[in-house]
Each structure stands twice: as C-alpha cells, then as structure tokens.
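S.K.: Model the following, please.
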Amino acid sequence: QVQLVESGGGLVQAGGSLRLSCVASGTIFRFEDMGWYRQAPGQQRELVAAITQFGKSTYADSVKGRFAISGDSTKNTVDLQMNSLKPEDTAVYYCNIHIRTRWGRPPNEFWGQGTQVTVSS
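M.R.: The predicted structure is shown next:
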C-alpha cells in the first residue's frame, strides 16, 4: 500500500510564491510519471505540471514560466514551486504519481488528499 501526503498549501497574496511537496510512503519499488493537478470550485480537475522518470517536464500553458516541478525518487518526493501566483491559481492541488510497487509489475496510480492554495488579489 502506498500513501501520498501533500503539504505547503496556504493563503498568499498575488505575486507571491508557495512550494508544494508530496511525500510517498509504503511499498515503493520505483517512481514513474509524476504530476500535479488542480481543481477549482465548479471546474474539472486539470493537469498543471508533469515530469517523467527521465526528467522531462511539461506544463499547462497557464503556468509556464511561473511553476516548476521536480521529483526526487531517492526521497520519494515530488515538489511544485509556484511563483508569481495569480488569483486564478486558487484551487485544491493534488499530487499524482505512478509507482511500481514491485519489480516486474505494472505501475499503479496514486493520488494525494489535496492541499488548498488560495491567492488573494
């Protein structure tokens, strides 16, 4: 069993920064694809940033140049550095990691519980 725990959310003024962290615990053989999603009230969950096990990252157009995703498989963590925050970045942020729990088995997808980010104008 694998659990993901997020931290780092909170209230920040527009233009400020936050760093979200996601730590995985449990039976972990290897991280594969990792990502951060967000969901604002009344909207669908959307992908914000993703990074492969090989370090290739992609970003939603709305956050390019402001957010940076990083993963550390030795520490079982994936972080999201968010700079120049805007009120429209307000949402619940979820980490998502595809993890192989054992050698030879396909990866399973795991989600964190979500952390609230609120950006005031």
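
S.K.: Please list all residues in contact with the closest residue to residue 2 other than its chain neighbours.
M.R.: Nearest residue to residue 2, sequence neighbours excluded (Cβ to Cβ, 6 or more residues apart in numbering): residue 26, at 3.9 Å. Placement of C-beta: from N, CA and C, glycine included. Counting by Cβ atoms under 8 Å, 6 or more residues apart in numbering, residue 26 touches 1, 2, 3, 101.

S.K.: Take those residues and write them to a markdown table, including distance to residue 113, pLDDT and secondary structure.
M.R.: Shown next, in a markdown table, are those (distance: Cβ to Cβ, whole Å; pLDDT from 0 to 100; DSSP: H, G, I helix; E, B strand; the rest coil):
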| residue | distance to residue 113 | pLDDT | secondary structure |
| --- | --- | --- | --- |
| 1 | 15 | 86 | coil |
| 2 | 13 | 94 | strand |
| 3 | 9 | 95 | strand |
| 101 | 19 | 91 | coil |
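
S.K.: buried subset of these?
M.R.: residue 101 (16 or more other Cβ atoms under 10 Å).

S.K.: Give me the most central residue, this structure.
M.R.: residue 36 (2.8 Å; Cα atoms, centre = their mean).
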